[in-house]
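Chemist: Here's my sequence, what's the structure:
(one chain, ligands or ions: 1)
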Amino acid sequence: MKIEQPYTKLSNGIKMPLLGLGVYDMHSKEAEQAVLDAMEIGYRLIDTATLYNNETEIGNAVKKSGLPREQLFVTTKVGDSDQGYDSTLKAYDASLKKLQMDYVDLYLVHWPIKAKRKDTWLALEKLYTDKRVKAIGVANYLIPFLEELETYASVVPVLNQVEFTPWLFQKELVDYCAERNIQLQSYSPITRGQKFNDPRLLQLCDKYGKSPAQVILRWNIEHGIATIPKSSNKTRLQQNFDILDFSLSKEDVAFMDGFDEQFRICENPMDLL
Ligand SMILES: NC(=O)c1ccc[n+]([C@@H]2O[C@H](COP(=O)([O-])OP(=O)(O)OC[C@H]3O[C@@H](n4cnc5c(N)ncnc54)[C@H](OP(=O)(O)O)[C@@H]3O)[C@@H](O)[C@H]2O)c1
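Modeler: Numbers count the residues shown, from 1 in each chain. Below you'll find the predicted structure:
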């Protein structure tokens, strides 16, 4: 039985799958094959970035998949060196060309670069009001960055993509985004495997008969947090997608919230404040 995957409705009304494929650190043929495998399994969201240097391969895979474009949700991000008003507009065109698409579903500011983030956001607003992109959002915007954005933005970001795991449980950010209808999306959601041996996690894996990745990804879904695990292995792609046939109890979700130890894989965005 094929289980319908969960979607969320973003604040501007567009539908986005809660579970998607992240394609960081995938190169040429590997990226193309992983996207094709993922589509076959049922993934409909792909998260790339100019920085990942694989937009062309993602575009090739989308074409080869034969799936209608409107059934897919494609995110890309403006890279740090392209930030600024005119350069962001140019970077968007360059991304579209590589992706071989005439729009992306979601365009994100990849990192809040101090001197450039305001102009970059204003360029995203221009793309949005010109109806060249379906939705705009940010990544790595912790609360101080969102507060600053509020002082000049005329469009509220629909989504904030941040590093977020049980070991980096940011309750204040969850609440802040929920109050403003900003969808949270977790990156490096399975800690690149670094916390798979946590005995508290393994206890839950035994209880539910699921793998560490599956329990962590399900924890995201229970919180209504979108998530984009990366895999270029077909078995693991399938495993990460098979999280829709079970749920975690409220008590176990709260138990996992308590794993927080401010553990990070990526740079702390606060260093850019
Ligand atoms: N906005 C940002 O600044 C930012 C930063 C980082 C990441 N991201 C996005 O988030 C996505 C995911 O984050 P990430 O790639 O850093 O880390 P991740 O998804 O937490 O972990 C990926 C790693 O885990 C392995 N893996 C995947 N599924 C597994 C499973 N079921 N069991 C065991 N190992 C498994 C993968 O190897 P295999 O491929 O061999 O399976 C890969 O080495 C990225 O691809 C990117 O799209 C965004």
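Chemist: Just give the number of residues close to residue 85.
Modeler: By other Cβ atoms under 10 Å, 16 other residues sit near residue 85. C-betas here are computed from N, CA, C, even on glycine.
Chemist: For it, list the residues it contacts.
Modeler: For residue 85, the contacting residues are 119, 120, 122, 123, by Cβ atoms under 8 Å, 6 or more residues apart in numbering.
Chemist: most surrounded residue in the residues you listed?
Modeler: Top of those by neighbour count (other Cβ under 10 Å): residue 123, with 26 neighbours.
Chemist: That residue falls within a helix, correct?
Modeler: Yes: counting by DSSP: H, G, I helix; E, B strand; the rest coil, residue 123 is located in a helix.
Chemist: which residues touch the residue lying closest to it once chain neighbours are set aside?
Modeler: Using Cβ to Cβ, 6 or more residues apart in numbering and skipping the chain neighbours, the partner closest in space to residue 123 is residue 88 (3.7 Å). Counting by Cβ under 8 Å, 6+ apart, residue 88 touches 78, 82, 119, 120, 123, 124.
Chemist: could those residues go into CSV alongside distance to the ligand and pLDDT?
Modeler: Converted to CSV, those look like this (distance: Cβ to the nearest ligand atom, whole Å; pLDDT from 0 to 100):
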residue, distance to the ligand, pLDDT
78, 11, 98
82, 15, 98
119, 19, 98
120, 14, 98
123, 18, 98
124, 15, 98
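Chemist: picking up where we left off before, now, the most widely separated pair of the contacts of residue 85?
Modeler: The largest separation in those, counting by Cβ to Cβ, is between 120 and 122 at 7.3 Å.
Chemist: How many residues are close by residue 89?
Modeler: Around residue 89 there are 18 residues (other Cβ under 10 Å).
Chemist: Report the beta-bridge partners for residue 107.
Modeler: On the basis of DSSP bridges, residue 107 is bridged to residue 76, residue 136.
Chemist: Contact residues of the stretch 101-250 of the chain facing the ligand?
Modeler: Within the stretch 101-250 of the chain, the positions adjacent to the ligand are 110, 139-140, 161, 187-193, 211, 213, 228-233, 236, 239-240 by Cβ under 6 Å from any ligand atom.
Chemist: From those, keep the buried residues only.
Modeler: Buried members of those, counted by 16 or more other Cβ atoms under 10 Å: 110, 139-140, 161, 187-191, 211, 213, 228-232, 239-240.
Chemist: Which ones among those residues lie within strands?
Modeler: Taking DSSP state E, the ones among these that sit in strands are 139, 161, 187.
Chemist: Tell me the one of the residues you listed nearest residue 44?
Modeler: Taking these together and measuring to residue 44 by Cβ to Cβ, the closest member is residue 161, at 17.1 Å.
Chemist: partners of that closest one in the sheet?
Modeler: Those that pair with residue 161 in a beta bridge, by DSSP bridges, are residue 139, residue 185.
Chemist: got a list of what it touches?
Modeler: Residue 161 sits in contact with 47, 108, 137, 138, 139, 140, 184, 185, 186, 187, 228, where contact means Cβ under 8 Å, 6+ apart.
Chemist: Relative to residue 29, how far out is it?
Modeler: Going from residue 161 to residue 29 by Cβ to Cβ, to the nearest Å gives 26 Å.
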